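J.: Fold the following.
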Amino acid sequence: MTPEDLAPAAPLPAVGRTPPKGGREANLSSPSGREPLSSPSGGELLSSPSGGGGPRRGGGGLPPHPVAASVADDARGIELAWSDGLRETLPAAWLIDNGEDAFDGPTGQRRLGLGAVDPQARLQCGGLDAAGLTISLEGGAMLAVSRHRLLSRRRSPPAPALWLEAAAIETPDAISADAYLNDDEALAETASRIARQGLAFLTGGLTEPGYVERIVARFGFIRETNYGRLFDVRSEPRPSNLAYTAEALDLHTDNPYRDPPPTLQLLHAIHADATGGATCFADGFAHAEALARTAPEAFDRLARTPVEFAYRAPDGAVYRARRPLIEQGPDGALVAVRLNHRSLAPLDLADREIAPWYDAYRAFHDLLHAPLAALKVRLLPGDVVLFDNRRIVHGREAYDGGASTGRWLQGCYADIDGLLATLARLRPDGLA
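T.: Below is the predicted model:
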């Protein structure tokens, strides 16, 4: 793969120095246009290959590694010192449960049952070398814990590259679709961008229906829903969803009425309308964090108040899910945003809770719809966008649905774990 396959194969140049209200409009140009991406003020955001640019990976510096080990005073564990100054004591139970003998070689799965982990085990001596820990237990048994398993304790995913404005997207340029399909580094870079910034663009692909299936097949499987294996986003005479009209769509996440919702969405442009129809994207996680800083009470209300989303399909099937608009994990980290006013069921909160909830909802909405917050992209035939449906909200501008060719996007859903698993395989160093 050549450097041109990655950056900037198809940059998104600003369509003017003054961005339109609600976002910065962009265009996925052909591979022949390789000018550096410009910010709304005209400044360069991404260097060309000759200027030292290219894909950015995770934060600098080597990850911490163990540097010394000794048996704890009570002989119940190993005191481990790390290169970054951390000192910790690993109990005997953890060491036994993660010893090399606890795992099956061919599958890598743990075959040792919990009942075989002696809670009273004591250690006689232990040492650390390049391979990991070697430990002698009382009674004469030997135990080896690999360096790999020790390092897994300090593994953490790269911090997401949040963007409050379109101009702050870390790597907005498009990757060659042909490189993505045929070169693992282009595939890894695409997955890395989705993991870090929530979305990635491909350009120069085919315009035949079904092409998006080839994109998914590089990392996983399509998630089929009631909309089908693939769905066509274009104006229809009798639409079953407002997405199948030419109307503008407010920023939203897809299918919040499912449990769980699809985690990854792909859209492939087959036809482009002559005017209008720009696709809009904003970073829901960035604005949720901004809400937590600027209006913590509003953030807390949206994070702790479940509301219902619902959708009735043409065949009468009703999909319902009850979740907060902002979902956090046990550690407080953001897990998902669910934003889709079209699918919000009538609130059944206590009457005194309704007005405060709407106030919090509006505060979040206003952040997402602030000037410059959204990236507006005119997807041209052959372009593909992949985005994290848990994080990125998307919408579109209205277009002429009566045009003879019209705007035709073909989309599908997939599970993001397949994409992240592929990234882990291609970049085992953990650098996204």
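J.: Please, where are all the helices along the stretch 51-200 of the chain?
T.: Applying DSSP state H, counting those that start in this stretch to the stretch 51-200 of the chain gives helices spanning 92-97, 147-152, 177-182, 184-197.
J.: can you list those in JSON lines and add mean pLDDT and mean neighbour count?
T.: Every residue, glycine included, has its C-beta placed from N, CA and C. Listed next are these as JSON lines, based on pLDDT from 0 to 100; neighbours: other CB atoms under 10 Å:
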{"stretch": "helix 92-97", "mean pLDDT": "97", "mean neighbour count": "20"}
{"stretch": "helix 147-152", "mean pLDDT": "95", "mean neighbour count": "15"}
{"stretch": "helix 177-182", "mean pLDDT": "98", "mean neighbour count": "21"}
{"stretch": "helix 184-197", "mean pLDDT": "97", "mean neighbour count": "23"}
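J.: Please identify which of those is closest to Arg304.
T.: Comparing the helices of the stretch 51-200 of the chain against Arg304 with CB to CB, the closest turns out to be helix 184-197 (27.5 Å).
J.: close enough to count as contact, Phe201 and Thr171?
T.: No: with contact defined as CB atoms under 8 Å, Phe201 does not reach Thr171; the gap is 9.6 Å.
J.: Give me the contacts around whatever helix or strand Tyr311 lives in.
T.: For Tyr311, the enclosing helix or strand under DSSP states H and E is strand 307-312. Identification of contacts with strand 307-312 by CB atoms under 8 Å, 6 or more residues apart in numbering yields 255-257, 318-325, 338, 340, 343-345, 347-349, 357.
J.: how distant is the following helix or strand past that strand from the center of its chain?
T.: Following strand 307-312 in sequence order, the next helix or strand is strand 318-323 (DSSP H and E). Offset of strand 318-323 from its chain centre (CA atoms, centre = their mean, to the nearest Å): 23 Å.
J.: Which strands and helices lie in contact with strand 318-323?
T.: Under the contact definition 3 or more CB pairs under 8 Å, 6 or more residues apart in numbering; DSSP states H and E, strand 318-323 sits against strand 307-312.
J.: where does this structure dip in pLDDT?
T.: The chain contains residues with pLDDT under 70 at 1-61, 235-246, 248, 274, 399-405, 430-432.
J.: That one - how does it break down into domains?
T.: 3-30+159-426, 66-152 (automatic domain parsing).
J.: in a strand, that's where Phe285 is, yeah?
T.: No: according to DSSP: H, G, I helix; E, B strand; the rest coil, Phe285 belongs to no strand; its state is helix.
J.: Pull the number of nearby residues for it.
T.: Phe285 sits with 22 neighbouring residues when counted by other CB atoms under 10 Å.
J.: is it true that it touches Val393?
T.: No: counting by CB under 8 Å, Phe285 does not reach Val393; the two are 10.0 Å apart.
J.: overlap in contacts of those two?
T.: With CB under 8 Å, 6+ apart as the test, Phe285 and Val393 both reach Val337.
J.: can you name the farthest residue from the center of this structure?
T.: Distance from the C-alpha centroid of the chain peaks at Gly139, with 49.1 Å (CA atoms, centre = their mean).
J.: What about that one? Give its phi and psi, please.
T.: For Gly139, the backbone dihedrals (degrees, to the nearest 10) come out as phi 100, psi -10.
J.: All further residue positions should be reported with the first residue as 157.
T.: Fine by me, first position is 157 from now on; the one you just mentioned is Gly295.
J.: just to revisit the earlier point, can you select the buried ones from the contacts of strand 463-468 in ChimeraX?
T.: If you want just the buried ones from the contacts of strand 463-468 in ChimeraX, going by 16 or more other CB atoms under 10 Å, the selection is:
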select :411,412,413,475,477,479,480,481,494,496,499,500,513
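J.: sorry, back to before: roughly how far apart are the residue farthest from the centre of the chain and Glu380?
T.: Separation of Gly295 from Glu380 (CB to CB, to the nearest Å) stands at 55 Å.
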